[in-house]
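>>> Would you be able to build a 3D model of this:
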Amino acid sequence: MSQPGGRPARHEDDWWGQLYDDSTEDTGPTAAPDSLDDRFASAKKTVGGRRGVTAEPGDEPPPPTVPAQRTPAVPAAPAEDVRAAAKPWPWDEEDQEPLEADDDPADLHPATRLDPTGPPSYAAPELPGSPEFPESPGFPEASSALAVPAAASASSVDYVGSGPPTYDAEPTALPAADPDELDDLVADTVLEGARYGACTLRAVSQRGDSARYRGEPRRDALLTARFGAGEQALVLVAMATGARATPGAHRAAAELCEWIARAVGRSHQRLTEDIQAARRGDLKSGLHRLTDRSLGKLRASAAQQGIAPEEYAASLRCLLLPAHSQCRTRVFFGVGEGGLFRLRGGEWQDIEPRVDTDTPGEPVLGFGSLPAETPAGDRLTMDLGIPTPPSPYEPAPEPPRDPFLFRASVARPGDALVMCTGGLADPLRGEPALCAYLARRWSGRTPPGLAAFLADAQVRVKGYADDRTAAAVWEA
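The predicted structure is shown next:
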């Protein structure tokens, strides 16, 4: 290249003159479009062709069309709301949630919400003529009158009789416990209830006021069990009272209840058939045999422990209730003290089986017996009151055993049958105020609840502080 202002010396500089020479004319339009718009369109097609198929030169784009209406896309939910976002939203108008006061229905409706920022909310539209839901029935007001049965209308009391009892109404001391014999502990109160067939059962066993004050265990034991199923089922209620002032009285009562329950459970099918068929003789002999076996096991247990049989003894009272709705036969059996009462028409009836205490009389005069005295008035024999010494060749006589008690009765609708131990039977027989109170509370066909029955059974009477165990059966 020559210096500025100089003439060209060689032919290599001719291209420069041709490019910037003013005499050179324009080349004119080219065969291919080469305007700025054409180049922008070409660049746009080239860049857009990377995501799809590039258009060939000369192809005209199709005419624009209106896209179909689409539902708005729901943005991705946060990590803690993934489970909630995956759950399908309810579309039923009845299940839609109500709107808040500051929400706009137009912004929340799925058909008009164009830029959602979260999960759509739905409002239940108010349809004309739609039924309104009734208000939920609340608790009755205090001034409203409630229809209650007569048995529950009477208020419960703490005691009846001439005055308050000596001991407190609530437990004071707990029985002493052995850390190696914790299974020997006995609860202060046991409550049970059931309903089978036409009868409703309530049962309770609680420690007496004297045992609560002295910290002694409850000597009464209560066991309720159902054997079988359906209308062939048999319900057993067994209660026992251990001997007074003996250390293992509560264990003897519990063992006796368990043994009689095992014996009845193994023979419940035969017993159920005899009850439904009213075989009184078979029932009495069979239950007598089962009771003797249970008492024999109790005496054997006393011998194994090295305890005198009279110190490890207990009274037993049982009640059999068939579950068949058409069978109203109630069978009672047992041995020892207690009570069996029936409340019918608001009056108490003592239906404890009477024991025949008649003994064989002396020989009748004139039929082989000697006269008591001579015609002169002299007695032929004289009793000096000296007891006959026992023979060393004969075993010592066993202590007299309590007679077996049995009663089978047919209940009537509205009856209440009460079986109890001596802790409740004695005040029922000795305190008229308690009889009147319980008759007012337990009369009628509506049996009390468990809590009400417990409150009634523990009404105290001065002078009676033993354990109380009772089972009541209401007939529908």
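
>>> show me where this protein has strands.
With DSSP state E as the criterion, the chain has strands at 159-160, 189-196, 199-206, 220-227, 234-242, 314-322, 329-335, 339-344, 347-350, 404-410, 416-420, 460-461, 468-475.

>>> To His288, which of the ones you listed lies closest?
Closest approach to His288 among the strands of the chain (C-beta to C-beta): strand 404-410, 5.0 Å. Bear in mind the C-beta positions are built from the backbone N, C-alpha and C, glycine included.

>>> Would you mind getting the angle between that closest one and strand 416-420?
Orientation check (axes from the mean of the first three to the mean of the last three C-alpha atoms, to 10 degrees): strand 404-410 against strand 416-420 gives 170 degrees.

>>> still on that earlier bit, could you dump the strands of the chain into a markdown table with mean pLDDT added?
Listed next are these as a markdown table, based on pLDDT from 0 to 100:
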| stretch | mean pLDDT |
| --- | --- |
| strand 159-160 | 94 |
| strand 189-196 | 96 |
| strand 199-206 | 97 |
| strand 220-227 | 98 |
| strand 234-242 | 97 |
| strand 314-322 | 97 |
| strand 329-335 | 97 |
| strand 339-344 | 96 |
| strand 347-350 | 96 |
| strand 404-410 | 96 |
| strand 416-420 | 98 |
| strand 460-461 | 96 |
| strand 468-475 | 97 |
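
>>> right, and those strands - which one's nearest Gly248?
strand 234-242 (7.4 Å).

>>> Going by contacts, tell me the helices and strands next to the closest one.
strand 199-206, strand 220-227, helix 249-266, helix 268-276, strand 314-322, strand 416-420, strand 468-475 (3 or more C-beta pairs under 8 Å, 6 or more residues apart in numbering; DSSP states H and E).

>>> In TSV, list those along with distance to Ala169 and mean neighbour count.
TSV is the format used below for those (distance: least, C-beta to C-beta, whole Å; neighbours: other C-beta atoms under 10 Å):
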stretch	distance to Ala169	mean neighbour count
strand 199-206	11	24
strand 220-227	18	22
helix 249-266	22	22
helix 268-276	40	18
strand 314-322	26	25
strand 416-420	20	25
strand 468-475	13	25
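
>>> list the contacts for the nearest residue to Trp474 once chain neighbours are set aside?
Nearest residue to Trp474, sequence neighbours excluded (C-beta to C-beta, 6 or more residues apart in numbering): Pro447, at 3.9 Å. Pro447 makes contact with Ala151, Thr200, Arg202, Ala416, Phe453, Ala472, Trp474 under the criterion C-beta atoms under 8 Å, 6 or more residues apart in numbering.

>>> Nearest to Ala43 among these?
Distances from Ala43 to the contacts of Pro447, taken by C-beta to C-beta, are shortest for Thr200, at 95.8 Å.

>>> Tell me what Trp474 is bridged to.
Beta-bridge pairing of Trp474 under DSSP bridges involves Thr200, Ala416.

>>> pLDDT wise, what is the residue nearest to Trp474 at?
If you check Pro447, the pLDDT there is 94.

>>> if I look at it, how far off is Thr166?
From Pro447 across to Thr166, the span is 32 Å (C-beta to C-beta, to the nearest Å).

>>> next one: Arg212
12 Å.

>>> So which of these two has more stuff around it?
Shown here are Arg212 and Thr166; by other C-beta atoms under 10 Å, Arg212 has more neighbours (23 against 12).

>>> hey, where'd the helices end up in the stretch 351-476 of the chain?
Taking DSSP state H, counting those that start in this stretch as the criterion, the stretch 351-476 of the chain carries its helices at 422-430, 432-442, 450-457.

>>> Ala221: which of those helices is closest?
Ala221 sits nearest to helix 422-430 of all the helices of the stretch 351-476 of the chain, at 12.5 Å, using C-beta to C-beta.

>>> Is Val204 in contact with Thr189, as I believe?
Yes - Val204 is within contact range of Thr189, at 7.0 Å (criterion: C-beta atoms under 8 Å).

>>> okay, and the common contacts of the two?
Leu454.

>>> Which residues are in contact with Glu216?
Contacts of Glu216 by C-beta under 8 Å, 6+ apart are Pro175, Arg207, Ser210.
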